[in-house]
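K.L.:
Give the three-dimensional model of this entry:
(2 chains)
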Protein chains: 2
Amino acid sequence: MKGEGLRILLFTAFMFMVSTVMGQKLLTLEDVMSGGSNWYNLQPENRFTAWWGNVPLETTPDEVKELMTGRTLVTVARLNEILGEKVVRNGHYLEFPYPSQPIAHYQATTERVQVDWKQGKVVWRQGVPQGAAHQDFNMQSRNLAYTIRGNLYVKTAEGQELQVSKDGSTDGSDNIVYGQSVHRDEFGISKGTFWSPDGQQLAFYRMDQSMVATYPQVDITQRIAAVNPDHYPMAGETSHQVRVGIFDVKTRKTTWLQLIGAPDDYHTNLSWAPDGKLLYVFELNRDQNHMQLVAYNTQTGKLEQRLLEERHEKYVEPMHGLTFLPWDQTKALMQSRRDGWNHLYLLDVTTGKTEQLTAGEYEVQQFVGFNKKQKCAIYLSNALDPRTSCLFSLNLEKPRCTLLGAGEGVHAASLSEDGTIAIDRYSSPTVPRSINLIATQSVRSRRPNMLTNILTAKDPWQEKGYKIPEITSGSIKAADGVTDLYYRMVKPIDFDPAKKYPTVVYVYGGPHAHNVDARWHWCMRGWEAYMATKGYLLFILDNRGSEWRGREFEQATFRHLGDVEMQDQMEGVRYLKSLPYVDSDRMGVHGWSFGGFMTTNLMCTYPDAFKVGVAGGPVIDWKYYEVMYGERYMDTPQQNPEGYEGSSLLGKAKNLKGRLQIIFGYNDPTCVPQHTLSFIRACEDAGTQPDLFTYPGDGHNMFGRDQVHLHERITRYFEDYLK
Amino acid sequence: MKGEGLRILLFTAFMFMVSTVMGQKLLTLEDVMSGGSNWYNLQPENRFTAWWGNVPLETTPDEVKELMTGRTLVTVARLNEILGEKVVRNGHYLEFPYPSQPIAHYQATTERVQVDWKQGKVVWRQGVPQGAAHQDFNMQSRNLAYTIRGNLYVKTAEGQELQVSKDGSTDGSDNIVYGQSVHRDEFGISKGTFWSPDGQQLAFYRMDQSMVATYPQVDITQRIAAVNPDHYPMAGETSHQVRVGIFDVKTRKTTWLQLIGAPDDYHTNLSWAPDGKLLYVFELNRDQNHMQLVAYNTQTGKLEQRLLEERHEKYVEPMHGLTFLPWDQTKALMQSRRDGWNHLYLLDVTTGKTEQLTAGEYEVQQFVGFNKKQKCAIYLSNALDPRTSCLFSLNLEKPRCTLLGAGEGVHAASLSEDGTIAIDRYSSPTVPRSINLIATQSVRSRRPNMLTNILTAKDPWQEKGYKIPEITSGSIKAADGVTDLYYRMVKPIDFDPAKKYPTVVYVYGGPHAHNVDARWHWCMRGWEAYMATKGYLLFILDNRGSEWRGREFEQATFRHLGDVEMQDQMEGVRYLKSLPYVDSDRMGVHGWSFGGFMTTNLMCTYPDAFKVGVAGGPVIDWKYYEVMYGERYMDTPQQNPEGYEGSSLLGKAKNLKGRLQIIFGYNDPTCVPQHTLSFIRACEDAGTQPDLFTYPGDGHNMFGRDQVHLHERITRYFEDYLK
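P.N.:
Predicted coordinates for the structure are as follows:
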């Protein structure tokens, strides 16, 4: 694999050199930002796919075709003809949920419809209750869970509207919230309702945050600016309290789980037993150093079983629930980082015993599904190279693991109903997009699996005659002298190694994210390409603390966020300074969120390294950040006062020397404005001069036209002070 | 007088030329800003004065002397000896309220004391109630009015604490407020309690603002940012409702005046009849075009008399109450702009008839008091030159008016008990400070009045060897081609007329203020001197709409704030461009508050005139400004939609071309942050790029070290983009 990787890299370099000569046009922000007017036109070619049982489909706005034959399955016009009105507006959003039945499912704004296109009749049709939010539709039962303001409701397939909860806050205070995500979306939580496999029982969260302080978000678009209080539990402060209920659609009874632990513990990764009799919960204490997997009886709410527990002196972070084997309901797949790397385990739910399925100094990034026929688990991992995410098939009965599809790039796959075929999409540094149909069985042979190429997109920038910068990736050693850190470097267009270029380090640096991977252009952001047209060299390094490099790599930052991360970034700076074409006197740094924290921190901690910085939506002091994320990495301010003090940028405000602009969304609910404003105040008190900008009405990030405006602004700042 | 003025000017120019050669040191922000570390050392020499009846005194931290003889009246040490403890901390704050008695009055933080230094005894001593705010002490009766949270109290001379009101808001909501200033300090109102002459009756305001919307001010210094709702009635929105009560200390009864007019009318300039039987109120309708002077019976609260009324199609603005003649209680002095200029009138309160006392195309700026012996009214006016404020004595029985003291500069005077002598302080362009004792009778002769010079301070900048810029004043024609507008010009140090200099226009431009007058250095602000050291030319022009130039001059802006003001400023720009040493390509503009509105407006309305602007605490849209000030000049948004639309800068955001930085106090209660933030949002939507900065915790202006920080920031912006 390594040799092949090298060959690809050489080929890449050659391609870029050619393109540099051929391309004439310069990329603009309108071209490279997703909010730009020309962005869509410069995206790699694409084809949209779906599954009907085991039949791969291609969708277009007007029809759905069988992917392999190109034969039309059904047209949007035909569906609307059957419906008697124009309900279906876009073929891309059709679903085919029932493998053996010719039924198309479509969700319009005000209703859901199911149409049998062979019999030419509407099978089922139901209006969406007005104001329904957080809709969770179960295809099996056709029951719909939804919320209206703070309360939870179910609309049955037959059309009955059942009120599950009564004490949700309907006064806008959000004191009690049903059926929504809890614990601020940490621990892999992204929703608040969980249907049982048969869709007749609904597990749901109830969050009481009446005891949580509110952050005053100000809406300036009202006639007179108005405050929107937003419950925001800051590190060390009172947190919200979550309960889990089970609503039985048939009996209309709610059973409350008798949850173990303290009121402010975390109840994560709810997983149904296949028969619906148990609900598994990964319980975590507030200190986040003790996780227990327990099972509750869904009829009584009582604790039924303690299956296993994990402890770690720093933290344990459950991110994934259980997935039961389709062919053996006593066993479930789970993920754990207990050996230092995220791997797959097989859990026997009758005994709580686990068997490690994957192992090695790499991470399983995603469990995709099962090949039910060959009893394989399909998953993505970076076993081949830390920057890749490739598809593997692991036979659960024979010790056999097979790479599926290309052993390069970053993949995403979706499986057929029986799991024997995958639609695999990937890009690699030189491949903008490749879509392939792949057989998923784990085979002993070294031959590639069956692979039908659906699409290999050409480089749209090259095709349209744009100058493309040279983009490379490599590694340097971390500040510990041992660990490999991967970087991406984007050279200015018309690069001349005899010149010296202003250089900007882009940084994120926090957990659960990375910037450098083997996607198209080494994952280059559009703005970097734009900066290359302006004559800047860009450098991006994933320091310790970032994603997919194992537990030790991530936890090196524990209790002192920023310190180790900056040391690693300064190794990047040292490397840059060793390059003859980098102008050491004109180095800048830019980052957002954790990267805004890093940028501000670097400007204040190493005031002579960077002349210019632009920090977006930064954390300034972890005491202003939330309980869930903050206490995991920092403990509480009460437990770790020196860590909070040492990582706070308020005390470093006095060191600011270069030009630093901080930009924040005026209504940022994540890194609340108190961060940035406190730093500005600290600078004023210390007599230093940062610059500032804000986007009223925007949250933690800018989208659409604001994104273009923002990057024009960021660019201008470097042009003003670094060039 | 004119010839003399010219002579002074010539002398000035000569002096400055000399100083430019002699001075070596460059002024820094620490030298010129009042928050700077060296500011105090560079102030002109001063002497602190007070009155004991008709005896002029000089106070020092340690003692009080007779000004004329230098004889010690009493020492601080002696007073503390009598008091038995160190109560008096600073001789400057001693008062001598009783002309014939050797009694010193001192207000410490926790108590008030009166000491007879001749008899060596404490005459009276009383503690201040804890938490007492808005203290109003009456020297005659020794009764004290004060508020605690929303309620009003009186502590009698005998020490009884009486609660005047009971329904004031004590919950922090400030819904009902007693004994504080109302109508947002417009109409000359600065407090909410008014003792009758004998100090036994207390007139007071009660303001109900429960119906007024609150602006959400956010305090980021709390552990978790907290909102402080601030009642702020925006133009055209529901206003507060004010009542006036009279509390009789002896009977302990409160009488409510049966006020005329609508609930949201203005009740201004409360004035007691000498015998305490009537209270005069200048009533103004919310539309501010109809003023009535009425008298209420203080025992019954009933309307007793309608004395006079004034109407004007634009607005009437009562700013001054009645002052009764000490020798005739049927007559009172009042001020009115009814003939187009603010003048003194004699009102017969028995008939409501008025007699105009002063007249001419100038304004009476302040009524100082009476010379009771010669029956003269002492006042300040700009009769000699619109830029001056000189002291005059008008004999009320003979048609005779005399200039008192120097006929140049800007004066401030305080009178002896009988009014026959004044301590007159003034500065002029070349005189940093002059203090004189003057006889105040109005005489027929052209000889100057008796004048004893107490102090003529030397130029402290010159004495300490600083380079001082050349500062001149002159006039140009307004955009109407007729009206004279006065300017100040500050030339860069080491000025060379053959060079071309970057030029910054500083502007305010709004009503009730001016920037150019005949004070020391032509009223130059310290920052201008600093900018001169950096090589900038500064230009400051008082446009139409500004202060002390009569009604027509001010009201030219009615219903379209900004338009005429900018046209006049552009005449200034035209004049500047005619000067060979002004670099037309490097012109900037800076202003705060109304001047921030002007700056932003100029940058967006004349985008090619100015390359760089710094706007502070700007009004952006008058609909976000308050009812009282806003509706006077603009009417309501409902009455004047095209005026609001046309003067709003939100629609002009798209025109921004040059570099504009807007700076605002994050907790500005005057020009609330919604102004600036709405403009920023409008620029983002329009794709223009202003810059932004804020001072969290600060209000409409910056003080202390923040003032230094702010001006370093403003300077840097011009240095970055204009130089």
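
K.L.:
Where do the strands of the stretch 101-250 of chain A begin and end?
P.N.:
A:103-107, A:111-116, A:121-127, A:133-137, A:144-148, A:151-155, A:161-163, A:176-178, A:193-195, A:201-208, A:214-219, A:226-231, A:241-248 (DSSP state E, counting those that start in this stretch).

K.L.:
Determine which of those approaches residue B:128 most closely.
P.N.:
strand A:214-219 (34.7 Å; Cβ to Cβ). Glycine gets a C-beta too; all of them are placed from N, C-alpha and C.

K.L.:
just checking, what packs against that closest one?
P.N.:
strand A:226-231, strand B:214-219, strand B:226-231 (3 or more Cβ pairs under 8 Å, 6 or more residues apart in numbering or on different chains; DSSP states H and E).

K.L.:
Which residues does the last one contact?
P.N.:
Judged by Cβ atoms under 8 Å, 6 or more residues apart in numbering or on different chains, the contacts made with strand B:226-231 from elsewhere in the structure are A:216, A:218, A:227, A:229, B:173-175, B:209, B:212-219, B:240, B:669.

K.L.:
just the buried members of the residues you listed?
P.N.:
Among the contacts of strand B:226-231, the ones that count as buried by 16 or more other Cβ atoms under 10 Å in any protein chain shown are A:216, A:218, A:227, B:174-175, B:209, B:212-218, B:240, B:669.

K.L.:
Would you point out the most distant pair within these?
P.N.:
Going by Cβ to Cβ, the pair spanning the buried ones among the contacts of strand B:226-231 furthest: A:216 and B:240, at 23.6 Å.

K.L.:
which one's the longest strand in chain A?
P.N.:
Assignment by DSSP state E gives strand A:582-592 as the longest strand of chain A.

K.L.:
Tally up the residues packed near the nearest residue to residue A:479 once chain neighbours are set aside, please.
P.N.:
Closest residue in space to residue A:479, ignoring its immediate chain neighbours: residue A:567 at 3.7 Å, by Cβ to Cβ, 6 or more residues apart in numbering or on different chains. Residues near residue A:567, counting by other Cβ atoms under 10 Å in any protein chain shown, number 16.

K.L.:
Name the surrounding residues that touch whatever helix or strand residue A:567 lives in.
P.N.:
Assessed by DSSP states H and E, residue A:567 sits inside helix A:563-577. Contact partners of helix A:563-577, identified using Cβ under 8 Å, 6+ apart, comprise A:476-479, A:485, A:487, A:503, A:505, A:507, A:509-510, A:539, A:541, A:543-545, A:556-557, A:582, A:584, A:587, A:598, A:601-602, A:605-606, A:609, A:646-647.

K.L.:
Out of the residues you listed, which end up buried?
P.N.:
By 16+ other Cβ under 10 Å, the contacts of helix A:563-577 give A:476, A:478-479, A:485, A:487, A:503, A:505, A:507, A:509-510, A:539, A:541, A:543-545, A:556-557, A:582, A:587, A:598, A:601-602, A:605-606, A:609, A:647 as buried.

K.L.:
Which members of those residues are positioned in strands?
P.N.:
A:476, A:485, A:487, A:503, A:505, A:507, A:539, A:541, A:582, A:587.

K.L.:
on that earlier part again, considering the buried ones among the contacts of strand B:226-231, which is situated nearest to residue A:273?
P.N.:
Distances from residue A:273 to the buried ones among the contacts of strand B:226-231, taken by Cβ to Cβ, are shortest for residue A:216, at 43.9 Å.

K.L.:
mind listing what that closest one touches?
P.N.:
Taking Cβ under 8 Å, 6+ apart, one finds A:227, A:228, A:229, A:230, B:216, B:218, B:225, B:226, B:227 in contact with residue A:216.

K.L.:
If you drop the residues flanking it in sequence, what lies closest to the fifth one?
P.N.:
Setting aside the residues directly before and after it, residue B:216 is nearest to residue A:227 in space (Cβ to Cβ, 6+ apart), at 3.8 Å.

K.L.:
Any figure for the gap between that neighbour and residue B:227?
P.N.:
5 Å (Cβ to Cβ, to the nearest Å).

K.L.:
before we move on, what about residue A:37?
P.N.:
39 Å.

K.L.:
With residue A:61 instead?
P.N.:
47 Å.

K.L.:
Report the beta-bridge partner residues of the residue lying closest to residue A:194 once chain neighbours are set aside.
P.N.:
Closest residue to residue A:194 apart from its sequence neighbours, by Cβ to Cβ, 6+ apart: residue A:203 at 4.2 Å. Judged by DSSP bridges, the bridge partners of residue A:203 are residue A:194, residue A:246.

K.L.:
can you pull the contacts of residue A:203?
P.N.:
A:193, A:194, A:195, A:196, A:244, A:245, A:246, A:270, A:272, A:279, A:298.

K.L.:
Adding pLDDT and neighbour count, write these out as a markdown table.
P.N.:
What follows is the contacts of residue A:203, written out as a markdown table (pLDDT from 0 to 100; neighbours: other Cβ atoms under 10 Å in any protein chain shown):
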| residue | pLDDT | neighbour count |
| --- | --- | --- |
| A:193 | 98 | 25 |
| A:194 | 98 | 21 |
| A:195 | 98 | 24 |
| A:196 | 98 | 23 |
| A:244 | 98 | 22 |
| A:245 | 98 | 19 |
| A:246 | 98 | 23 |
| A:270 | 98 | 22 |
| A:272 | 98 | 22 |
| A:279 | 98 | 24 |
| A:298 | 98 | 22 |
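
K.L.:
follow-up on the earlier one: list the contacts of the longest strand of chain A.
P.N.:
A:500-509, A:537, A:573, A:576-577, A:597-599, A:602-603, A:609-617, A:701, A:714, A:718, A:722-723.

K.L.:
same thing with stretch A:112-128?
P.N.:
A:73-74, A:78-79, A:82-83, A:87-88, A:101-106, A:109-111, A:135, A:137, A:142, A:144, A:146, A:155, A:157, A:159.

K.L.:
rerun that using 10 Å as the cut-off
P.N.:
For stretch A:112-128, contacts defined as Cβ atoms under 10 Å, 6 or more residues apart in numbering or on different chains pick out A:64, A:73-75, A:78-84, A:87-88, A:94-95, A:97-98, A:101-111, A:135, A:137, A:139, A:142, A:144, A:146, A:155-159.

K.L.:
Take those residues and keep only those in helices.
P.N.:
Among the contacts of stretch A:112-128, the residues falling in helices (DSSP state H) are A:78, A:79, A:80, A:81, A:82, A:83.
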